[in-house]
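J.: What follows is a protein structure lacking sequence information:
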């Protein structure tokens, strides 16, 4: 008899347990921690560079004033500032006028000594510093405003349009999917006539221009892809444009218009040869710039990006659904690593000097600083606070340093130990079980034939099945109603008669002719039940019982009542029969529960002795 | 019977003819008449003896049901702590490195063995109700019952026979011996007779040795039986003797020795399926699925209509995720004229799982129409399973309820009902159902695990822990339990 197995509720809680990091040697050496540095900078606002051309790399950080945890110095006002660290000392601090967006350093010429330029992007400007002195300001070209919109505002200014007409005209323009200025959007967001009038009166005479805001900045090498080669700045703007500037920062070499606002950029190759700029956009698409065009290959992420790095020919994108995706630069997906918490920051660990390893440093919301080499988790440490920005590079003369900026304003430097093992040991990755092929049965010819049949007669089969299903439902419902009304079965079905549900289990023991029926009665309901008659129905030619009707005085909930009753087989040769046990209520003629006990055969070997006992009982 | 009627056949010839035509009752009536007139008619005495024996003949080369007393008082096994695979009481399990059936996929019998495709004696008896106490006890009862039907006392009173005298007449002695064994169930007397007879022929007749063995077997003297059968085989190579010797070894709990003799027999009689069947069954009992299947296939090569072989293979295909092959085999059984609830039920399941939906429910209907009290609950249970499969939980709920009302001792239905109640948020009901399933089916791991999971979710960690221990006792490789247990340990530490 095939009895198919049961649907068990299983607990599906596959937490991603990654282990092995404890066993590894210490990777990070704590160099210096200043909890009172009063600096908050995102990863893009930090860089290591050789400012003086003496081979001693400084740490340049542009601190944002937006962090409420940090007060703005002695004045109490929030100040944006750029700081330069040398060793444990601050060697320079200058005020930046606006909130910094990005800081980059690059070489703009081949003059000796090689002093790198620091580019600080904030608002719609990029300030270039040489010898820690600002010497040039690049203004991002403003967004070109639609002439129709200009005309509308001009008419509003000269009073040719009243505010209602102006509002309606702008509304039409927006419906035509034209890109409008921020002022127009602000106007269209208003609903009260009075407010609209006020806004128009305030602004109508000032010229309409929209500044273009910098969103991200990076450096692309100009002629050769080397550390000290001349570089070009690449800017991403809020107007969905990407610009490549010339090394001096004075003019735009190339401009690309994207579909979305760029937020992260990485570069590959050199501008003069074969270069790529890979751009992750705010909506989750990744574009590639190559030569003069935007490549047709667009990677669509499953979530918004929160960091992007390049390791050789692959790019690593961290997304807001806690996944690290690895893609080839040509757009082919390689693999994904699923993380247990949100990714807050990502940085490339580009190990120099002793060995050449490239890993991903990811900081997670649960204060874990993890290192991944490909798919393998190499190392995990817990940090003292949330990291808002991190930067890996050469500091001083030490080649592998990680600078961390904490939310509490602190700055920490960590060095990678020279004996640290960052290589993929091969132990990680998928568990070895994954390599064992599943024992799948072979696809048989009959299976194919049946599938064919299913394809051809799908409608008919479905119709027949539905018809049969209706019939089966009816049969089942009838059988169910029957047990409800007849009181069949070992568990009482309805509660209205007894006020509770009862379960009855009866077995028989003994070798015969004297048997014992053992009953276990449990009241599984909530209320106690009293005065329950129990009736035994049996063939009186074969069996004899002292009492065929008994009354159980009370059944208290959740208590098992065990009872035993003697049955004597009178007619030894009659074989066996079954005894029905009915559990009733005084209120109803229908029994609440019925149980059937199949009596065993009397064993003739032992049968002769208790025969006299029967006489005594009579 | 009219005397002197010229048209009337000689009653003796008639009786002989009726016996040949296997009309045993008529033969017995005729010979009784003749013997009433002339009780010294040896030919008629012989014929009546044969007829009575033939009427009550049981093919005892198959394994029989074991009585409760024999199970409890069994002291014949040789080793008390056997290695896995060398004893029927300790079959292969996953720890012994063999691929055995996964109890999470393939259901188990009450003994904890995976179900086979064929219900054979000694495997699926339900405890608590109508199991006979001893095997010999039943035979005694059968013996007395058959004698009572006779008027004027029994035909042969074994106790008053001079067995030595009979032993000198081989033809009569053989008939008498079979009569004593199959009709009178008096193994002791038969043994006496056989002992005299074999002495008479100077221990050269294999038949008497085999009968001696059979008598010893019936009396529970397995070592003596083994000796006799072996000696008999030396004189004459017979399939039946091999089969009976195999039975002796199974009783002695030496499955490997049994297989050895079966294989010897196979070597001598390469075309015989009974011996192969014996090997297949022992492998089955040792949980060695792969090997048993090999032998079932061999049987089908020799005899493509062997029902046991077909159904075992079909059952295995079904649980190995090839329901379409199982379906084909079950259809063959239908063509062969087998028509019972189990077959239709299995057909329905195969149809469902190989997505031949149009035939599935029809088969269930037939299964229900043919079902009796013993197997109706299983059919309803499977209807419930299919209902869960198509997502109709209401139907499933009703089906399980009906299954329980038909057979109050159906733990699988209680378990599934518990899961359904839990889905509806009836915690108490569900707990009750799991408890019922646990008490009715202590060999199932699902209800215990479900109960443990429920306890865990309700925050009753101690209960959950205890129940998980129980699950792992039943099914040590249960991953879900192991996972939950580690979680609990974390809680406790």
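T.: Yep, that arrived. These numbers were taken from a predicted model, which means no experiment stands behind them.
J.: ok, and the closest non-adjacent residue to residue B:318?
T.: Taking C-beta to C-beta, 6 or more residues apart in numbering or on different chains, and ignoring the residues beside it in sequence, residue B:318 has residue B:326 as its nearest neighbour in space, at 4.0 Å. Quick note: C-beta positions are derived from backbone N, CA and C, even for glycine.
J.: What about the one you found, how many residues nearby?
T.: By the criterion of other C-beta atoms under 10 Å in any protein chain shown, residue B:326 has 27 neighbours.
J.: for it, phi and psi?
T.: Phi and psi for residue B:326, reported as degrees, to the nearest 10, are phi -60, psi -40.
J.: All the helices of the stretch 251-400 of chain B, residue numbers only.
T.: Taking DSSP state H, counting those that start in this stretch as the criterion, the stretch 251-400 of chain B contains helices spanning B:255-268, B:273-285, B:289-302, B:307-319, B:323-335, B:341-353, B:357-370, B:376-389, B:393-406.
J.: do the second one and chain A meet?
T.: No: between helix B:273-285 and chain A, judged by C-beta under 8 Å from any C-beta of the partner chain, nothing touches; the nearest distance is 15.4 Å.
J.: Mean confidence (pLDDT) on that helix, please.
T.: Confidence over helix B:273-285, taken as the mean pLDDT, stands at 89.
J.: Would you mind giving the domain segments of chain A?
T.: Per automatic domain parsing, the domain ranges recorded for chain A read A:147-203, A:446-486, A:502-617.
J.: Please identify which of these is closest to residue A:328.
T.: Distances from residue A:328 to each of these were compared by C-beta to C-beta, and the smallest falls on domain A:147-203, at 33.9 Å.
J.: Ends of the closest one, what's the gap?
T.: One end of domain A:147-203 to the other measures 18 Å (C-alpha to C-alpha, to the nearest Å).
J.: Adding distance to residue A:238 as columns, could you present the helices of the stretch 251-400 of chain B in JSON lines?
T.: Output for the helices of the stretch 251-400 of chain B, formatted as JSON lines (distance: least, C-beta to C-beta, whole Å):
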{"stretch": "helix B:255-268", "distance to residue A:238": "82"}
{"stretch": "helix B:273-285", "distance to residue A:238": "75"}
{"stretch": "helix B:289-302", "distance to residue A:238": "68"}
{"stretch": "helix B:307-319", "distance to residue A:238": "63"}
{"stretch": "helix B:323-335", "distance to residue A:238": "61"}
{"stretch": "helix B:341-353", "distance to residue A:238": "59"}
{"stretch": "helix B:357-370", "distance to residue A:238": "58"}
{"stretch": "helix B:376-389", "distance to residue A:238": "55"}
{"stretch": "helix B:393-406", "distance to residue A:238": "54"}
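J.: So which residues of the stretch 301-450 of chain A form strands?
T.: A:305-311, A:314-319, A:323-328, A:333-338, A:343-350, A:358-364, A:368-373, A:376-382, A:387-395, A:398-406, A:411-416 (DSSP state E, counting those that start in this stretch).
J.: and residue B:396, how far is that from residue B:83?
T.: Between residue B:396 and residue B:83 the computed distance is 44 Å (C-beta to C-beta, to the nearest Å).
J.: The two: which has the busier surroundings?
T.: With neighbours defined as other C-beta under 10 Å, residue B:396 and residue B:83 compare such that residue B:396 has more, 25 against 9.
J.: neighbours of the closest residue to the more buried one other than its chain neighbours, just the number please.
T.: Beyond its immediate neighbours in the sequence, the residue positioned closest to residue B:396 (C-beta to C-beta, 6+ apart) is residue B:387, lying 3.7 Å away. Under the neighbour criterion other C-beta under 10 Å, residue B:387 is assigned a count of 23.
J.: Kindly report the same for residue B:14.
T.: 16.
J.: give me the element it is part of.
T.: Assigned by DSSP states H and E, residue B:14 belongs to helix B:11-20.
J.: which residues touch residue A:579?
T.: Neighbouring residues of residue A:579 by C-beta atoms under 8 Å, 6 or more residues apart in numbering or on different chains: A:517, A:536-538, A:543, A:567, A:596-597, A:599.
J.: coming back round to it: what residues are up against the residue nearest to residue B:396?
T.: Contacts for residue B:387 were tallied using C-beta under 8 Å, 6+ apart; they are B:393, B:395-396, B:399.
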